[in-house]
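Undergrad: Structural data only, the sequence is not supplied:
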């Protein structure tokens, strides 16, 4: 999605009403508690539309961090707004997505060079407890009529929630005292290719073949280059 350089056609400040809409969509796809840590109506946010594309970016404006691309937006069929947190977002709240794929050593270079994640490059997969998620009934406007479009949106976001996964890899970092240490950090976000139950750990190691994750955005791509390019990982 962001392998090549892109141009921005328009930039507009996001109103509180529109921020609420973005937060509402994010909560239908990702961990509700993590979304609340990432974004509030008090967050200064800008909407950057890409030239010759239906894609856009929600950019965080911060005095301390500068301009940070926080969320990538892709308009899918039916006007569905698919929202994908950036690597910067995962640095702030690493557990937005319950499904994490951990890489084998050395595989990260293939991902940052534009490849999708293949099963032979997966070391292990961890699925955390189900996300906090409001039911479709709670998500509906109590004053609105039951509309087919609304039901379709909820179904589409539910499907996306089950497909999105984040990829972690091992990176050596340096602390404030100059000591080197290893930490597993976010590398990319993408969508699972196969639906249903994930392979067992034994099958991952011995039998799994083909593409595991179609990468949408990763560390060092053009969306990453749009930000301050600093690795600041939350301790939470």
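TA: Structure received. Since the structure is predicted, the reported quantities are computational estimates derived from the model, not experimental observations. Residues are numbered from 1 along each chain as shown.

Undergrad: Does anything pack onto the longest strand that the chain contains? Which helices or strands?
TA: Assignment by DSSP state E gives strand 180-192 as the longest strand of the chain. The contact analysis (3 or more Cβ pairs under 8 Å, 6 or more residues apart in numbering; DSSP states H and E) places strand 180-192 against helix 87-92, strand 99-103, helix 108-112, helix 148-163, strand 164-174, strand 211-218. Every C-beta, even on glycine, is put in place using the N, C-alpha and C of the backbone.

Undergrad: Is it possible to get JSON lines of these that adds mean pLDDT?
TA: Shown next, in JSON lines, are these (pLDDT from 0 to 100):
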{"stretch": "helix 87-92", "mean pLDDT": "94"}
{"stretch": "strand 99-103", "mean pLDDT": "93"}
{"stretch": "helix 108-112", "mean pLDDT": "96"}
{"stretch": "helix 148-163", "mean pLDDT": "65"}
{"stretch": "strand 164-174", "mean pLDDT": "89"}
{"stretch": "strand 211-218", "mean pLDDT": "94"}
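
Undergrad: Not counting sequence-adjacent ones, nearest residue to residue 89?
TA: Closest residue to residue 89 apart from its sequence neighbours, by Cβ to Cβ, 6 or more residues apart in numbering: residue 70 at 5.2 Å.

Undergrad: With residue 185 instead?
TA: Nearest to residue 185 is residue 171, by Cβ to Cβ, 6+ apart, at 5.1 Å.

Undergrad: coming back round to it: could you quantify the relative orientation of the longest strand of the chain and strand 164-174 as an angle?
TA: 170 degrees (axes from the mean of the first three to the mean of the last three Cα atoms, to 10 degrees).

Undergrad: burial count for the residue nearest to residue 89?
TA: Using other Cβ atoms under 10 Å, residue 70 has 24 neighbouring residues.

Undergrad: How is it assigned, secondary-structure-wise?
TA: Under the three-state scheme (DSSP: H, G, I helix; E, B strand; the rest coil), residue 70 adopts strand.

Undergrad: re the thing from before, what does whichever helix or strand comes after the longest strand of the chain contact?
TA: Next along the chain after strand 180-192, taking DSSP states H and E as the criterion, comes helix 201-206. Helix 201-206 is contacted from outside by 119, 122, 124-125, using Cβ atoms under 8 Å, 6 or more residues apart in numbering.

Undergrad: wait, doesn't the residue nearest to residue 185 sit right on residue 186?
TA: No. The pair residue 171 / residue 186 is not scored as a contact, 9.8 Å apart, by Cβ atoms under 8 Å.

Undergrad: So for these two, which sits in the more crowded spot?
TA: More crowded of residue 171 and residue 186, by other Cβ under 10 Å: residue 186, with 25 against 16.

Undergrad: what's the closest non-adjacent residue to the more buried one?
TA: residue 90 (3.8 Å).

Undergrad: Helix or strand with the lowest mean pLDDT in this protein?
TA: helix 136-139 (a mean of 36; mean pLDDT, DSSP states H and E).

Undergrad: Point to the residue nearest the middle of the protein.
TA: Geometric centre of the chain, nearest residue: residue 85, 3.2 Å, by Cα atoms, centre = their mean.

Undergrad: Identify the bridge partners of that one.
TA: residue 71 (DSSP bridges).

Undergrad: Relative to residue 4, how far out is it?
TA: Distance of residue 85 to residue 4, computed by Cβ to Cβ, to the nearest Å: 21 Å.
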